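S.K.: Dropping a prediction and its sequence here:
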Amino acid sequence: MFIDTHCHLDFPQFNQDRSQVIERARAEGIEYVINIGSSVKGSIDSLGLSKEYDFIYASVGIHPHEADNFDEKSENSIRQLAKKEKVVAIGEIGLDYFKNYSKLENQKPLFISMLKLAKELDKPVVIHSRQAQNDTLKIIKESMPLKGVVHCFSGDVDFLKAFLDLGFFVSFTCNITYKNANNLRAIVKETPLEKLLLETDAPYLAPEGLRGARNEPAFIKLLAEEVAKIKEVSMEEVARATTANAKLFFNLK
Ligand SMILES: [Zn+2]
């Protein structure tokens with residue numbers, strides 16, 4: 001059994017066949033799905049999915065892409081949502097200097113306020129960081145103690161070590177299966193299995209062979225296979241370790 005610790009089944013890419021996608025996840029041995037909110041609306045929808053399906057849990061938060069629209073009202077909405085049953089984390093939150101859909105000066109206060117909220121409510125955080133290593137690390141260090149995971153890890157070894165030193169988990173997506181992803185595979189190798197989580201980030205980043213297509217939680221096996229290959233352990237061992245890690249991190253039974 002696997003846990004998909006990060007996907008976006010609330011996104012419009014699933015509007016035509018959401019229930020079938022969720023059925024397939026179940027059929028393929030996904031024990032739990034964590035559906036990640038990336039806006040107020042997305043967080044409400046994530047919570048809705050968690051109410052509809054026993055095996056789906058929700059994370060609520062505002063993505064750095066949405067930072068230009070962040071205000072007190074949206075902060076309050078996230079605070080209220082975060083207190084609901086089956087909300088297991090705050091995220092995804094962080095900094096994105098790659099796409100820069102929102103202004104840098106707006107991304108930082110949003111990130112800091114979401115970290116503060118997580119601390120206040122004693123929830124783990126799901127971090128998005130793209131080409132923003134130094135600022136991400138600096139802000140997190142200033143906000144410790146926190147329990148967190150860096151999702152869709154794309155940093156270098158120093159960044160990895162810095163987060164491991166803080167006790168953070170690291171989560172990898174199906175992009176580690178891509179032919180040109182040798183750097184990323186080297187990072188997976190450096191990450192202890194006890195600190196590693198699996199995620200599809202569906203609908204994004206479908207695995208090699210399906211690249212460009214829509215990703216979905218059922219494809220997580222292809223990711224686990226790659227991790228098993230890199231770590232030179234069995235699939236069962238990857239499933240056992242990552243599922244235990246996810247249960248510990250999100251406080252699932
Ligand atoms: Zn995501």
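M.R.: Received, thanks. Numbers count the residues shown, from 1 in each chain.
S.K.: ranges for the helices of this protein?
M.R.: For the chain, the helices defined by DSSP state H occupy 18-27, 40-52, 72-82, 104-121, 133-143, 157-165, 182-190, 220-231, 235-250.
S.K.: how about those helices in CSV, adding mean neighbour count, distance to V60 and mean pLDDT?
M.R.: Every C-beta, even on glycine, is put in place using the N, C-alpha and C of the backbone. Listed next are the helices of the chain as CSV, based on neighbours: other CB atoms under 10 Å; distance: least, CB to CB, whole Å; pLDDT from 0 to 100:
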stretch, mean neighbour count, distance to V60, mean pLDDT
helix 18-27, 16, 19, 97
helix 40-52, 19, 4, 98
helix 72-82, 16, 4, 97
helix 104-121, 18, 10, 96
helix 133-143, 17, 18, 96
helix 157-165, 16, 22, 97
helix 182-190, 15, 28, 97
helix 220-231, 20, 22, 97
helix 235-250, 18, 13, 98
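S.K.: Select the longest strand from this protein.
M.R.: strand 87-96 (DSSP state E).
S.K.: can you give me the offset of that strand from its chain's centre?
M.R.: With CA atoms, centre = their mean, to the nearest Å as the basis, strand 87-96 stands 8 Å off its chain's centre.
S.K.: if we can go back for a sec, so which of the helices of the chain comes closest to G91?
M.R.: helix 104-121 (7.7 Å; CB to CB).
S.K.: on contacts alone, who are the packing partners of the closest one?
M.R.: Where contact means 3 or more CB pairs under 8 Å, 6 or more residues apart in numbering; DSSP states H and E, helix 104-121 is packed against helix 72-82, strand 87-96, strand 125-130, helix 133-143.
S.K.: let's go with 6 Å and repeat that
M.R.: helix 72-82, strand 87-96 (3 or more CB pairs under 6 Å, 6 or more residues apart in numbering; DSSP states H and E).
S.K.: Put together JSON lines for these, with distance to D17 on each row.
M.R.: Converted to JSON lines, the helices and strands packed on helix 104-121 look like this (distance: least, CB to CB, whole Å):
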{"stretch": "helix 72-82", "distance to D17": "26"}
{"stretch": "strand 87-96", "distance to D17": "24"}
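S.K.: now the angle from the longest strand of the chain to helix 40-52?
M.R.: 150 degrees (axes from the mean of the first three to the mean of the last three CA atoms, to 10 degrees).
S.K.: Alpha carbons of strand 87-96, as PDB, please.
M.R.: Below are the C-alpha coordinates for strand 87-96, written out as PDB (Å, rounded to 0.1, in the frame of the first residue of the first chain):
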ATOM      1  CA  VAL A  87      -7.100  18.700   7.600                       C
ATOM      2  CA  VAL A  88      -3.700  17.300   8.300                       C
ATOM      3  CA  ALA A  89      -1.300  20.100   7.200                       C
ATOM      4  CA  ILE A  90      -0.700  23.700   6.000                       C
ATOM      5  CA  GLY A  91       0.400  23.900   2.400                       C
ATOM      6  CA  GLU A  92       1.400  24.100  -0.200                       C
ATOM      7  CA  ILE A  93       3.200  27.300   0.800                       C
ATOM      8  CA  GLY A  94       6.600  28.700   0.000                       C
ATOM      9  CA  LEU A  95       8.500  30.700  -2.600                       C
ATOM     10  CA  ASP A  96       8.600  30.400  -6.400                       C
END
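S.K.: Average pLDDT for it, rounded please.
M.R.: The average pLDDT for strand 87-96 rounds to 97.
S.K.: which neighbours does that strand have in its sheet, and in what orientation?
M.R.: Applying DSSP bridges to the sheet, strand 87-96 is found paired with strand 56-60 (parallel), strand 125-130 (parallel).
S.K.: which outside residues touch the shortest one?
M.R.: Residues lying outside strand 56-60 but in contact with it, judged by CB atoms under 6 Å, 6 or more residues apart in numbering, are 33-37, 43, 46-47, 49-50, 78, 81-82, 86-89, 91, 126.
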